[in-house]
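Enquirer: Sequence first, predicted coordinates after that:
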Amino acid sequence: MVDSRGNWGRWGRDDERGAANLLTSDVVLRALGSVRAGRVLPLAMPIQGATSNGGAQRVPHLPGRPLPQHFMSVDGGDYAAGARKIKGDMGMSDDALIVSPHGTTTHIDALAHVWRYDTLYNGLAADRIRSYGATRCGIERLGGIVTRGLLLDVAGHLGVDYVPAERTIDAELLQECAKTAGVQPRSGDVVVVRTGWPRVYAEDPERYQGAQPGLAYSAGRWLVDQEVVAIAADNAAVGAIDADGGFPGTLDEDIHLLTLWEHGVYLLEMLWLEELAVAGSAEFLFIAAPLQIAGGTASPLTPLAVI
């Protein structure tokens with residue numbers, strides 16, 4: 001049953017796109033003015049690794065999640081199809097890719113990712129999350145995102161390589177970052193938060209897979225009140241993570257429930273933001289297109305910043 005919770009009912013009783021409805025033609029056209037240099041920066045970490053090598057272990061990921069597996073047929077040794085010759089000396093190789101996006105690679109969460117009280121976003125029934133996919137609020141409902149992006153570089157603002165896991169990123173700190181950068185979130189934006197935490201994995205993978213810094217409830221509350229379309233971050237869950245892998249605070253303070261469930265605001269996790277931070281562009285054109293995975297609870301993707 002649809003009620004007044006967050007954005008429930010705002011775009012109709014059957015809406016499955018949530019805050020993506022804010023991406024009007026005016027919002028997109030105005031975002032184009034954020035481009036100054038015409039330089040394109042990918043914001044994703046690589047997908048690598050296969051049964052024949054340990055590449056996936058070298059990329060930041062959470063423990064207990066199936067790592068991406070990239071199989072190649074070029075040598076005939078990884079999967080049954082084998083390499084094949086097409087004509088004369090011409091050869092052709094094939095790929096097979098298995099990815100579990102959550103916690104293992106750069107991805108965007110669908111509104112079907114979380115639910116409460118047996119309901120998804122907008123009061124839609126959660127019992128439609130089946131073994132063959134989500135029949136409501138799947139990632140294919142989103143479409144593409146083209147809008148203004150804002151970088152709130154928390155690590156840079158604090159003058160550290162990465163935010164300590166015990167540091168709370170609350171609304172006050174985010175507002176300080178925005179003021180320092182000379183930007184203010186507006187309706188339809190994607191706000192990108194840099195913690196610098198991917199750097200930790202290169203130094204100490206075990207530490208990366210413990211507690212992580214992230215947004216506190218007040219920070220998430222401030223951003224949804226600005227009517228952002230999505231919140232992106234370079235940590236594993238946008239919100240903070242406790243040492244045991246859970247989220248701090250009460251259930252009512254959970255960032256995923258606040259954003260995905262109550263407001264239909266999307267979460268992009270595990271971005272790579274180091275080059276964007278070096279470029280020093282707090283405002284840019286943000287582009288992201290999830291795979292059309294019917295009923296998917298997430299999609300791997302490569303967000304782009306055009307500065």
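Expert: Arrived safely, thanks for sending. Here the structure is a predicted model, which is why all the values come from computation and not from measurement.

Enquirer: can you map out the helices along this protein?
Expert: Secondary structure of the chain (DSSP state H): helices at 25-31, 154-158, 171-181, 198-203, 205-208, 217-225, 255-256, 274-279.

Enquirer: wait, which of those helices is closest to Gly295?
Expert: Closest to Gly295 of these, according to CB to CB: helix 255-256, at 18.8 Å. Where you see a C-beta, it was placed from the backbone N, CA and C, and this is true even at glycine.

Enquirer: and the gap between Ala134 and Leu273?
Expert: Going from Ala134 to Leu273 by CB to CB, to the nearest Å gives 29 Å.

Enquirer: again, but for Ile287
Expert: Taking CB to CB, one finds Ile287 at 15 Å from Leu273.

Enquirer: more crowded one of these two?
Expert: Applying other CB atoms under 10 Å to Ile287 and Leu273 shows that Leu273 carries more neighbours, namely 25 against 20.

Enquirer: Could you report the separation of the more buried one from Thr106?
Expert: According to CB to CB, Leu273 and Thr106 sit 11 Å apart.

Enquirer: Find residues that contact each of these two.
Expert: Here Leu273 and Thr106 have Leu43 as joint contacts, going by CB atoms under 8 Å, 6 or more residues apart in numbering.

Enquirer: lowest confidence element among the helices and strands of this protein?
Expert: Counting by mean pLDDT, DSSP states H and E, the weakest-scoring helix or strand in the chain turns out to be strand 84-87, with a mean of 57.

Enquirer: coming back round to it: let's have the helices of the chain in a markdown table, adding distance to Gly188 and mean neighbour count.
Expert: Formatted as a markdown table, the helices of the chain follow (distance: least, CB to CB, whole Å; neighbours: other CB atoms under 10 Å):
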| stretch | distance to Gly188 | mean neighbour count |
| --- | --- | --- |
| helix 25-31 | 4 | 14 |
| helix 154-158 | 22 | 21 |
| helix 171-181 | 16 | 17 |
| helix 198-203 | 27 | 16 |
| helix 205-208 | 33 | 15 |
| helix 217-225 | 13 | 21 |
| helix 255-256 | 20 | 22 |
| helix 274-279 | 20 | 16 |
